[in-house]
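Asker: Just to be clear, the model below is a prediction. Sequence and coordinates:
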Amino acid sequence: MLNAKFLDELSAKMSELIAQSPLKDVEKNTRAMMGSMFTKLDLVTREEFDVQQQVLARTREKLELLEKRVAELEARKG
């Protein structure tokens, strides 16, 4: 039966090997490339989107109130 010390050492050696392998560089380069592509796409975060959605909803409410007020003023005038 394998003891815990052996498994811990094996896990540490595997982690070290992976950290030093070219695979780690490929992952890092891929992340950098994807980050660059997303920046060029001019994307927004979900938080920014939600904030703008709330601003738009409030603006629509104000616009509807102003349209109603203008209609009332025009009705009084005409």
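Answerer: Cool, the structure landed.
Asker: Run the chain-centre distance for the top helix by length along the chain.
Answerer: Using DSSP state H, we find that the single longest helix of the chain is helix 46-77. Computed by Cα atoms, centre = their mean, to the nearest Å, the chain-centroid distance of helix 46-77 equals 28 Å.
Asker: Also stretch 39-46?
Answerer: With Cα atoms, centre = their mean, you get 8 Å for stretch 39-46.
Asker: ok, and what's touching it?
Answerer: Contacts with stretch 39-46, where a contact means Cβ atoms under 8 Å, 6 or more residues apart in numbering, come from Q52. Where you see a C-beta, it was placed from the backbone N, CA and C, and this is true even at glycine.
Asker: Quick test: name the residue nearest the centre of the chain.
Answerer: T45 (3.8 Å; Cα atoms, centre = their mean).
Asker: For it, give me the backbone phi and psi.
Answerer: Here is the backbone geometry of T45 (degrees, to the nearest 10): phi -80, psi 160.
Asker: separation between it and Q54?
Answerer: Separation of T45 from Q54 (Cβ to Cβ, to the nearest Å): 14 Å.
Asker: low pLDDT regions in this structure?
Answerer: 1-2 (pLDDT under 70).
Asker: unless I'm mixing things up, K24 is touching I18, no?
Answerer: Yes - counting by Cβ atoms under 8 Å, K24 does reach I18; the two are 6.5 Å apart.
Asker: tell me the contacts of E47?
Answerer: When contacts are counted by Cβ under 8 Å, 6+ apart, E47 touches no other residue.
Asker: domain ranges for the chain?
Answerer: Structural domains annotated on the chain: 1-42, 44-78, as defined by automatic domain parsing.
Asker: quick check, distance from the shortest one to the centre of its chain.
Answerer: Its chain's average C-alpha position is 27 Å from that of domain 44-78, according to Cα atoms, centre = their mean.
Asker: swap in the longest one?
Answerer: Per Cα atoms, centre = their mean, the displacement of domain 1-42 from the mean C-alpha position of its chain is 23 Å.
Asker: From Q52, how far off is the residue nearest to the centre of the chain?
Answerer: Distance of T45 to Q52, computed by Cβ to Cβ: 11 Å.
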